[in-house]
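A.B. asks: Pasting the sequence and the predicted coordinates here, then a few questions.
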Amino acid sequence: MTTLYEVHGSVALITLSNPPVNGLGYATRVSLTDNLQKANDDDAVKSIVITGAGKAFSGGADINEFGSPKAVQEPNLLSVILAIENSSKPVVAAIHSVCMGGGLELALGCHYRIAAPGCSIALPEVKLGLLPGAGGTQRLPRALGVEPALNMIVSGESVKSDMLAQIPGQKLFDRMASSVETLADEAFAFAQAIADTRPLPLVRSLPCKHRNGDAYFQFARNMVKGMAKNFPAPLKCVDAVEAATKQKFDEGMRLEREFFTNLMFTPESRALRHIFMAERAASKIPDLPADTPKREINSVAVIGAGTMGGGIAMNFLNAGIPVKMLEMKPEALERGIATIRKNYESQVKKGKLKQDKYEQRMGLLSTTLSYGDLKDADLVIEAVFEDMGVKQAVFRELDRVMKPGAILASNTSTLDLNQIASFTQRPEDVVGLHFFSPANIMKLLEVVRGEKTGKDVLATVMAIAKKIRKTAVVSGVCDGFIGNRMIEQYGRQGGFLLDEGCTPEQVDKAIEKFGFAMGPFRMGDLAGNDIGWAIRKRRYQEKPDMKYSKTADLLCEKGRFGQKTGAGWYDYVAGKRDAIPNQEVVKMIEEHRASLGITPRKISDEEIVQRLVYSLVNEGAHILEEGIASKASDIDMVYLMGYGFPIYRGGPMLYADQVGLFNVVQAMKRFAKNPLDDAGFWKPAPLLARLAAEGKTFN
């Protein structure tokens, strides 16, 4: 049973029991309405209490039913709420822990509500590109007041029950319980006290007005437009709440349903729902059972106190895990600690971190100049220079000193993890943990699974990723793994576009208008153009037939490595990140173009975007085919969390699905005919060609 039914004296107790958050799936809705009927048919029952088992009242819709027919199958949530409102006996919602989305809409349909303190209350549908679809936009303004309700609906953020209870004139909670522990007893007492009260109060009958309605809603629209320019849902939330203040309840409900249905079919909502599911799916690894044993991680060692090492260390300090940092020279350690201090102090200054928390975190950090001092760490992460010889020396040393069962991780972004593992006598303990810079801020963690990486090691690092609040995506071993292997093709296209007639500024502006956080040339300047140069030098040896534009090499030969040198594709002023176009760079590109005998042509923004994005898609399809990534949504997560792909487009693979894979393949065939591009690369990956031919999608 997904709801439990008990009778205590004259009170019937219906408990939602659908772990983990009592999602309101089809079976739960049927069971709830059946038990509601049972209570109404029992003469001994005078009032009814609805609550949730475990650690939630209800988190709302059952995510397992998202997008399936069961999500709307009768009784749908609107019908369940109607049945509660029409109950001949008073229904009390006893709310605790979590009451969100459909769970809050259900509670608003009850005649009375009693809440435990510390309960998280929210209507978070806007985060999925939707608005509440079961009366939330019509009932919450009536119960809470128009302004606080609109703030909650538009932001989707949760607010504690204690704070909401203090809003003057609120009718959301009839009572506040003393504690979670006493909630049940207090709910029973309350249900007995109001058993004979008639008529039964309904939130839908409460007045809903704003004294400066037109001006307030215009102000709200202006605010929302500025904050949510690429998302239609927040503005529709404003429209729906305004309807609550100006229309009869049933008309407001009709409009809410219309808005909800229309939003469900927008590409933005599809993208946000895809991300929501993809983030959860990323932690599910096909051949890794949920009960795989995990190793204890109570202490971490980090090798290298540079920008990367320091950022990695901060993730663990923030999670309360002690870190020992190793460097070869005392001054390098001092510089590393100073940077960590500076990062934390800046958070303290901005009020984002309390002084005692800062001191506590710094207290967990220790340093050493000797490998021997790391021997007791449960996990060691190497963040040294990206060179196989350097990695070899580090892993041989780690193999010698680390205790049995310690996990040995490399932060390599492109090198062969299997080769790194072969430098040890324990390849099953070796795994890749590729953090993205700045490591203390970026959410993405590429977990690289070597040929011999133990399943318990993989399960352990996936769990630790969650603890340090990272979105972990598993990649197999190949040059560049998922993210950097794809970005290389994107970068190559950027170079060809320069050869054919673009400026760096034109390419960057086109892809930023599409929604990327920054274009390929600003990104190169941020990461350091010398990093790409080192990779290309390796490519020239290993893959001499791979075609590149030479402009990036010419730039590096001038020492223009990017923001760190104040000059890259653009110029930079110390202390600022603004990219200032440089005429000498443009002249260098023009001269190089002339030396190749190329006549520049005018290139549209549409062509720029398609070549950059479809290069990611085609390489992503190869990665899927080779089993480097286990699902298309994992590739989308890498690009959304690590490379600034626009959230509202859902990642490169979902974007290709929405454009239509047939159309993607047609565009690629056009690009293959361009003699200045790489025709071989534009041959659609077999998986892409097959899906396009069958009218299917990646996701």
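C.D. replies: Nice, thanks for sending it over. Residues are numbered from 1 along each chain as shown.
A.B. asks: Would you map out the domains in the protein?
C.D. replies: The chain breaks down by automatic domain parsing into domains covering 3-264, 300-475, 483-693.
A.B. asks: Including distance to M277, could those go into TSV?
C.D. replies: To be clear about C-beta, it is placed using only N, CA and C from the backbone, and glycine gets the same treatment. Output for the domains of the chain, formatted as TSV (distance: least, Cβ to Cβ, whole Å):
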stretch	distance to M277
domain 3-264	7
domain 300-475	13
domain 483-693	7
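A.B. asks: okay, these in a markdown table with mean pLDDT and distance to A282 next?
C.D. replies: Formatted as a markdown table, the domains of the chain follow (pLDDT from 0 to 100; distance: least, Cβ to Cβ, whole Å):
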| stretch | mean pLDDT | distance to A282 |
| --- | --- | --- |
| domain 3-264 | 96 | 15 |
| domain 300-475 | 96 | 5 |
| domain 483-693 | 95 | 5 |
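A.B. asks: Kindly reformat the ones you listed as CSV containing mean neighbour count and distance to E279.
C.D. replies: CSV is the format used below for the domains of the chain (neighbours: other Cβ atoms under 10 Å; distance: least, Cβ to Cβ, whole Å):
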stretch, mean neighbour count, distance to E279
domain 3-264, 19, 11
domain 300-475, 19, 6
domain 483-693, 19, 6
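A.B. asks: Of those, give the one that comes closest to A281.
C.D. replies: Among the domains of the chain, the nearest to A281 by Cβ to Cβ is domain 483-693 (5.5 Å).
A.B. asks: can you give me the end-to-end distance of the closest one?
C.D. replies: The first and last residues of domain 483-693 sit 27 Å apart, counting by Cα to Cα, to the nearest Å.
A.B. asks: what distance separates that domain from the centre of its chain?
C.D. replies: Averaging C-alpha positions (Cα atoms, centre = their mean, to the nearest Å) puts domain 483-693 24 Å from its chain's average.
A.B. asks: same deal with stretch 211-222?
C.D. replies: 32 Å.
A.B. asks: can you check stretch 70-78 too?
C.D. replies: For stretch 70-78, the distance to the chain centre is 28 Å (Cα atoms, centre = their mean).
A.B. asks: For the nearest residue to I63 once chain neighbours are set aside, I want the exact helix or strand it lies within.
C.D. replies: Once flanking residues are discounted, I63 sits nearest to G23: 6.6 Å by Cβ to Cβ, 6 or more residues apart in numbering. For G23, there is no enclosing helix or strand under DSSP states H and E.
A.B. asks: how about G23, what does it touch?
C.D. replies: S58, G59, G60, A61, D62, I63, N64, E65 (Cβ atoms under 8 Å, 6 or more residues apart in numbering).
A.B. asks: and which of those is nearest to G109?
C.D. replies: Taking these together and measuring to G109 by Cβ to Cβ, the closest member is S58, at 12.0 Å.
A.B. asks: Run through the residues that contact that closest one.
C.D. replies: Counting by Cβ under 8 Å, 6+ apart, S58 has contacts L16, V21, N22, G23, L24, G52, V98, C99, M100, G102, G103, L106.
A.B. asks: can you tell me which of those residues lies nearest to K294?
C.D. replies: The closest of the contacts of S58, once distances to K294 are taken by Cβ to Cβ, is V21, at 23.4 Å.
A.B. asks: Checking that closest one next. Helix, strand or coil?
C.D. replies: Look at V21: counting by DSSP: H, G, I helix; E, B strand; the rest coil, its state is coil.
A.B. asks: My guess is N315 contacts F436. True?
C.D. replies: No - N315 is beyond contact range of F436, at 11.4 Å (criterion: Cβ atoms under 8 Å).
A.B. asks: The spatially closest residue to A685 that is not a sequence neighbour and P652, how far apart?
C.D. replies: Distances taken as Cβ to Cβ, 6+ apart put A621 closest to A685, at 3.6 Å, once the chain neighbours are dropped. Going from A621 to P652 by Cβ to Cβ, to the nearest Å gives 10 Å.
A.B. asks: Could you do K294 as well?
C.D. replies: Distance of K294 to P652, computed by Cβ to Cβ: 32 Å.
A.B. asks: which residues does L326 contact?
C.D. replies: Here L326 is in contact with A301, V302, I303, G304, A305, T367, T368, L369, S370, Y371, D373, L374 (criterion: Cβ under 8 Å, 6+ apart).
A.B. asks: which of those residues lies closest to N212?
C.D. replies: V302 (55.8 Å).
A.B. asks: Helix, strand, or coil at G118?
C.D. replies: coil.
A.B. asks: Now it: closest residue in space that isn't a chain neighbour?
C.D. replies: K160 (6.1 Å).
A.B. asks: Name the helix or strand for the residue nearest to I468 when sequence neighbours are not counted, please.
C.D. replies: Spatially, and ignoring its direct neighbours in sequence, I468 is nearest to N315 (4.2 Å; Cβ to Cβ, 6+ apart). For N315, the host element (DSSP H and E) is helix 307-318.
A.B. asks: what's that helix packed up against?
C.D. replies: If you count contacts as 3 or more Cβ pairs under 8 Å, 6 or more residues apart in numbering; DSSP states H and E, helix 307-318 packs onto strand 300-303, strand 323-326, helix 330-349, helix 355-363, strand 430-435.
A.B. asks: Identify the residues contacting stretch 582-602?
C.D. replies: 498-501, 503-504, 550-551, 554-555, 558, 560, 567, 569-571, 676.
A.B. asks: repeat for stretch 666-681
C.D. replies: With Cβ under 8 Å, 6+ apart as the test, stretch 666-681 has contacts from 489, 492-493, 496, 499-500, 547, 598, 610-611, 614-615, 618, 682-684.
A.B. asks: May I ask which two of those are separated the most?
C.D. replies: I598 and P684 (26.5 Å).
A.B. asks: ok, back up a step: so the residue nearest to G118 sits against A122, correct?
C.D. replies: No - using Cβ under 8 Å, K160 is not in contact with A122, being 10.3 Å away.
A.B. asks: Identify the residues contacting the residue nearest to G118.
C.D. replies: If you count contacts by Cβ under 8 Å, 6+ apart, K160 has them with P117, G118, C119, S120, I121.
A.B. asks: Just give the nearest non-adjacent residue to the fourth one, would you?
C.D. replies: Spatially, and ignoring its direct neighbours in sequence, S120 is nearest to S158 (4.1 Å; Cβ to Cβ, 6+ apart).
A.B. asks: Which phi and psi values does the one you found adopt?
C.D. replies: Main-chain torsions, S158, degrees, to the nearest 10: phi -90, psi 150.
A.B. asks: before we move on, what about K160?
C.D. replies: Backbone torsions of K160, given as degrees, to the nearest 10, read phi -70, psi 140.
A.B. asks: If it is in a bridge, with which residues?
C.D. replies: On the basis of DSSP bridges, K160 takes part in beta bridges with S120.
A.B. asks: do you know how far it is from L77?
C.D. replies: From K160 to L77 the distance is 24 Å (Cβ to Cβ).
A.B. asks: again with F249
C.D. replies: 17 Å.
A.B. asks: Quick check: L398 vs T412, distance?
C.D. replies: 14 Å.
A.B. asks: for E327, same thing?
C.D. replies: 19 Å.
A.B. asks: Can I get the helices and strands packed on helix 307-318 in CSV including distance to E451?
C.D. replies: Below are the helices and strands packed on helix 307-318 laid out as CSV (distance: least, Cβ to Cβ, whole Å):
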stretch, distance to E451
strand 300-303, 23
strand 323-326, 27
helix 330-349, 33
helix 355-363, 37
strand 430-435, 10
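A.B. asks: Quick one: closest of these to L288.
C.D. replies: L288 lies closest to strand 430-435 among the helices and strands packed on helix 307-318, at 12.8 Å (Cβ to Cβ).
A.B. asks: what does that closest one rub up against?
C.D. replies: For strand 430-435, using Cβ under 8 Å, 6+ apart, the contacting residues are 308, 311-312, 315, 381, 383, 395, 407-413, 417, 420-421, 424, 442, 445-450, 452-453, 457-458, 461, 475, 477, 481, 483.
A.B. asks: Now that the residue nearest to S120 has come up, it's in contact with S97, right?
C.D. replies: No - the criterion here is Cβ under 8 Å, and S158 misses it with S97 at 11.3 Å.
A.B. asks: Which neighbours do those two have in common?
C.D. replies: S120.
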